[in-house]
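**Q** Starting from these lines, generate the structure:
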Amino acid sequence: MLVAGFPAGSLGANCYLVAPGAGEQCVIIDPGEDAAAGVEEAVREHRLQPVAVLLTHGHVDHTMSVIPVCGDYGVPAYVHPDDRGMLTDPQSWLGIAPGTPIFGQSKFVEPDEVRELTDGVVLSLAGLEITVDHAPGHTKGSVTFRTPEQQDIPQVLFTGDLLFAGAVGRWDLPGGDREELLASLARVCLPLPDETVVLSGHGPQTTIGRERATNPFLTEAAPQRITPRGL
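**A** Down below sits the predicted model:
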């Protein structure tokens, strides 16, 4: 599997392109502020053919370029329904007045085609099988995307702003909730194998094992752990 990632914009939100390999179809995860040029460069470098944009949540630092990216490649955007409203009104979800400019832009619209995500659905896109897990806490509609385990190939978990290396996403914005975030960590992250690669919305790559051993929020979430889902 090919994963090409880069931090975009003033807040360094990670954007990822995921494909079975070079020269194949791909999905684009979280094209945020000023991400369109980086997406174009990665598409060209790896000879990729985008088929969808996947959004881990609706905050504008992860969605700012969804319109140009979806438009450039004629692809739909996927978002959880609880965060869909942020595509057209990101200001309210950040606790600021509607119409206030964000990154120099005050008016926001949806892409031409938006498809809604549900918990547990498996997306068959670009030759990939991607499982969606609803993981509220940072926002009501936060989700993660994970690839299946394969022999000699660790699965990859795209966590958005749920889990970072050594930290977690903030819960103090509208729609955030600390207890929901801890429950999501327990349900979505803790059952996964230690070797699972974590690619988050900000910051460096890590693994579930490293975070299980060192991240205080996963330690706090551990008593809430539920039975693994047959992984």
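
**Q** Tell me which helix or strand in the chain has the weakest average pLDDT.
**A** When each helix and strand of the chain is scored by mean pLDDT, DSSP states H and E, helix 90-93 comes last, with a mean of 86.

**Q** name the helices or strands packed onto the next helix or strand along the chain from that one?
**A** With elements assigned by DSSP states H and E, the helix or strand that comes after helix 90-93 is strand 114-116. When contacts are defined as 3 or more C-beta pairs under 8 Å, 6 or more residues apart in numbering; DSSP states H and E, strand 114-116 packs onto strand 77-79. Any C-beta I mention is one placed from the backbone N, CA and C, and that applies to glycine too.

**Q** Paired strands for the strand it packs on, with orientation please.
**A** Strand 77-79 has its sheet partners listed here by DSSP bridges as strand 49-54 (parallel), strand 114-116 (parallel).

**Q** so how far is residue 204 from the closest residue to residue 22 other than its chain neighbours?
**A** Leaving aside its sequence neighbours, residue 22 sits nearest to residue 46 (C-beta to C-beta, 6 or more residues apart in numbering; 4.7 Å). Counting by C-beta to C-beta, to the nearest Å, the separation of residue 46 from residue 204 is 21 Å.

**Q** And those two? Which one has more around it.
**A** residue 46 (16 against 12; other C-beta atoms under 10 Å).

**Q** Please, where are all the strands along this protein?
**A** Secondary structure of the chain (DSSP state E): strands at 2-8, 13-19, 25-29, 49-54, 77-79, 114-116, 122-125, 128-134, 143-146, 156-160, 163-164, 167-168, 197-200, 206-207.

**Q** wait, residue 22 sits on residue 2?
**A** Yes - the pair formed by residue 22 and residue 2 meets the contact definition of C-beta atoms under 8 Å, at 6.0 Å.

**Q** shared neighbours of the two, anything?
**A** Contact with both residue 22 and residue 2 is made by residues residue 46, according to C-beta atoms under 8 Å, 6 or more residues apart in numbering.

**Q** neighbour count winner among those two?
**A** residue 2 (15 against 12).

**Q** How many residues are close by the closest residue to that one other than its chain neighbours?
**A** If the residues on either side of it in the chain are set aside, residue 2 comes closest to residue 19, at 4.7 Å by C-beta to C-beta, 6+ apart. Neighbour count of residue 19, defined by other C-beta under 10 Å: 25.

**Q** Residues touching the longest helix seen in the chain, excluding its own?
**A** In the chain, with assignment by DSSP state H, the single longest helix is helix 36-46. By C-beta under 8 Å, 6+ apart, the residues outside helix 36-46 that reach it are 2, 4, 6, 8, 15, 17, 19, 22-23, 26, 28, 31, 48-50, 65, 68-69, 72.

**Q** list the buried ones in it?
**A** Using 16 or more other C-beta atoms under 10 Å as the test for burial, helix 36-46 gives 36, 38, 39, 42, 43, 46.

**Q** just stretch 112-121 next, same as before
**A** 114, 117.
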